[in-house]
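Engineer: What would the 3D arrangement of this be:
(one chain, ligands or ions: 3)
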Amino acid sequence: MVVASPNLSKTGKLREIEIPIIDLSADRSEVSKLIVKACEEFGFFKVINHGVPHDVITRMEQQGYEFFAKPASRKQQAGPANPYGYGSKNIGLKGDIGEVEYLLLPTNPLSIDDNSKTISSTDPYKFSCAVRGYVEAVNKLAYEILELMAVGLEAPDPSVLSRLIRDGDSLLRFNHYPKVDGGATSPSCIGFGEHTDPQILTLLRSNDVDGLQISLDDGVWVPVNSHPVSAFCINVGDVLQVMTNGRFLSVRHRAMVNSYNSRMSMAYFSAPPLDATISCLPVLLTPQKPPLYRSFTWAEYKKATYSLRLGESRLNLFKARRDDDENSN
Ligand SMILES: C=C1C[C@]23C[C@@]1(O)CC[C@H]2[C@@]12CC[C@H](O)[C@@](C)(C(=O)O1)[C@H]2[C@@H]3C(=O)O
Ligand SMILES: O=C(O)CCC(=O)C(=O)O
Ligand SMILES: [Fe+2]
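Structural biologist: Ligands and ions are numbered 1, 2, ... in the order given. Below you'll find the predicted structure:
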């Protein structure tokens, strides 16, 4: 079991920061400004009135609970995660471990149908319908948020970010963090270790059990509490940090487990197709602000991601060199 460093500030108090909660039904131009500000300051924000139907979320959550309640031997039939499928404690392929079990799935309809057979032998159709419905709805939300970001960044083409996720390599992940033994005196421990998300944007839904934390620049961990109404927590991924030339932050985060309640989260990682080229948006480049990162394909970045451990900083491998800047002029 990995014990966490405390999320205390230098004065010994818990850091209390409220991540912005943005109402997507408000005025579009205001919303786009709020989103840009949140991505610059925290790399995280929550959205409400997001248009993902309540029953679509509930049906999906139900499938997650039903799967994780099955006996271990039954769940293992959907694994091991390599990297997709069912995994327990082992995260990725490089030896990372956490107090979590999960299902990691590609989101194209054929893969969903295919994976459903090993995940739910009793009713694969029900599982696949729930997942397909959820993916369709969250993908629409991802489009909408990426458009609002482009508007807020004053890009001439509002679809410059959203079109990247069309027919992309997006993934879906159910995480289940069981209660840990040890009672009230046990220290909190790590469910999912610190990392950044490699993709463009992550849309996360969780039950009402806290656990998500983000690391701000002074290294103090700040809790992102679960929101009572059905909010989504949105975070900037590495690719979006590259495309905004470091203006939006892909922030390190982690998930903790506790000894009182189990937590379940569902993360949708919206990603470009493997052959898409990632580079900084022209609107954000000036002679004073040359690109911080070199161009690369998503396939290249994904390969680097899987060659490294969870907490390693893969963006460093893609920093622009001075002569890259000169060649691009
Ligand atoms: C240890 C690893 C798991 C991970 C691939 C990696 O080598 C490094 C990044 C990890 C991560 C974090 C965000 C997402 O949960 C994830 C699916 C992703 O794209 O990158 C996981 C990867 C994984 O669990 O397969
Ligand atoms: O479960 C959570 O709250 C966070 C999970 C996460 O960061 C991930 O799956 O990449
Ligand atoms: Fe994450």
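
Engineer: okay, CA-based contacts and neighbour counts for the rest of this
Structural biologist: OK.

Engineer: which residue does the stretch 51-200 of the chain bring closest to ligand 1?
Structural biologist: Nearest residue of the stretch 51-200 of the chain to ligand 1 (C-alpha to the nearest ligand atom) works out as residue 92 at 3.6 Å.

Engineer: do you know how far that residue is from residue 84?
Structural biologist: The gap separating residue 92 from residue 84 is 9 Å, by C-alpha to C-alpha, to the nearest Å.

Engineer: Make sure residue 163 is indeed in a helix.
Structural biologist: Yes: judged by DSSP: H, G, I helix; E, B strand; the rest coil, residue 163 forms part of a helix.

Engineer: Enumerate every residue touching it.
Structural biologist: Going by C-alpha atoms under 8 Å, 6 or more residues apart in numbering, residue 163 touches residue 143.

Engineer: Next, work out how far apart it and ligand 2 are.
Structural biologist: When distance is defined by C-alpha to the nearest ligand atom, to the nearest Å, residue 163 is 23 Å away from ligand 2.

Engineer: begin at 394 from here
Structural biologist: That works, and once the first residue is 394, the last one we named lands at residue 556.

Engineer: And the pLDDT for residue 404?
Structural biologist: Looking at residue 404, its pLDDT stands at 49.

Engineer: Hmm, I typed the wrong one, I wanted residue 543.
Structural biologist: 98.

Engineer: tell me the secondary structure for it?
Structural biologist: helix.

Engineer: Spit out the contact partners of it.
Structural biologist: Going by C-alpha under 8 Å, 6+ apart, residue 543 touches 550, 551, 552, 553, 554.

Engineer: Would you show me how to pick out the buried ones of those in PyMOL?
Structural biologist: Entered in PyMOL, the line below selects the buried ones among the contacts of residue 543, by 16 or more other C-alpha atoms under 10 Å:
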select buried, resi 551+552+554
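
Engineer: Dump the contacts of residue 543 into CSV; add distance to residue 456 and secondary structure as well.
Structural biologist: Below are the contacts of residue 543 laid out as CSV (distance: C-alpha to C-alpha, whole Å; DSSP: H, G, I helix; E, B strand; the rest coil):
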residue, distance to residue 456, secondary structure
550, 38, coil
551, 35, coil
552, 33, coil
553, 34, coil
554, 31, coil
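
Engineer: Is it possible to get a markdown table of the contacts of residue 543 that adds pLDDT?
Structural biologist: Shown next, in a markdown table, are these (pLDDT from 0 to 100):
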| residue | pLDDT |
| --- | --- |
| 550 | 98 |
| 551 | 98 |
| 552 | 98 |
| 553 | 98 |
| 554 | 98 |
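
Engineer: Disregarding flanking residues, what is the spatial nearest neighbour of the residue most central in space within the chain?
Structural biologist: For the chain, residue 595 is the residue whose C-alpha lies nearest the centre (C-alpha atoms, centre = their mean; 3.3 Å). Residue nearest to residue 595 in three dimensions, not counting chain neighbours: residue 662, with 4.6 Å by C-alpha to C-alpha, 6 or more residues apart in numbering.

Engineer: burial of the one you found, as a residue count?
Structural biologist: Neighbour count of residue 662, defined by other C-alpha atoms under 10 Å: 25.

Engineer: And for residue 488?
Structural biologist: Neighbours of residue 488 using other C-alpha under 10 Å come to 10.

Engineer: leaving aside the residues next to it on the chain, what's closest to it?
Structural biologist: Leaving aside its sequence neighbours, residue 488 sits nearest to residue 702 (C-alpha to C-alpha, 6+ apart; 7.5 Å).

Engineer: Show me which residues of this protein are close to ligand 1?
Structural biologist: Within reach of ligand 1 by C-alpha under 6 Å from any ligand atom, the chain has these residues: 476, 484-487, 489, 590-591, 698-703.

Engineer: Is there a quick ChimeraX command that grabs whichever of the residues you listed are buried?
Structural biologist: The buried residues among the residues of the chain next to ligand 1 can be selected in ChimeraX (16+ other C-alpha under 10 Å) with this line:
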select :484,485,590,591,698,702,703
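
Engineer: Next step: the residues of the chain next to ligand 1 restricted to helices.
Structural biologist: If you go by DSSP state H, these have 698, 699, 700 in helices.

Engineer: Among the residues you listed, find me the one that's closest to ligand 2.
Structural biologist: Using C-alpha to the nearest ligand atom, these come closest to ligand 2 at residue 698, 12.7 Å.

Engineer: hey, where'd the strands end up in the chain?
Structural biologist: With DSSP state E as the criterion, the chain has strands at 414-416, 437-441, 478-484, 489-499, 564-570, 582-588, 594-599, 605-608, 614-616, 625-629, 646-650, 656-663, 670-671, 689-690.

Engineer: dump the residue contacts of residue 447.
Structural biologist: Applying C-alpha under 8 Å, 6+ apart, the residues near residue 447 are residue 623.

Engineer: How about the contacts made by residue 443?
Structural biologist: If you count contacts by C-alpha under 8 Å, 6+ apart, residue 443 has them with 416, 417, 418, 534, 624, 625.

Engineer: Highest neighbour count among these?
Structural biologist: Within the contacts of residue 443, most neighbours by other C-alpha under 10 Å means residue 625, with 25 neighbours.

Engineer: And it, how far from residue 544?
Structural biologist: According to C-alpha to C-alpha, residue 625 and residue 544 sit 21 Å apart.
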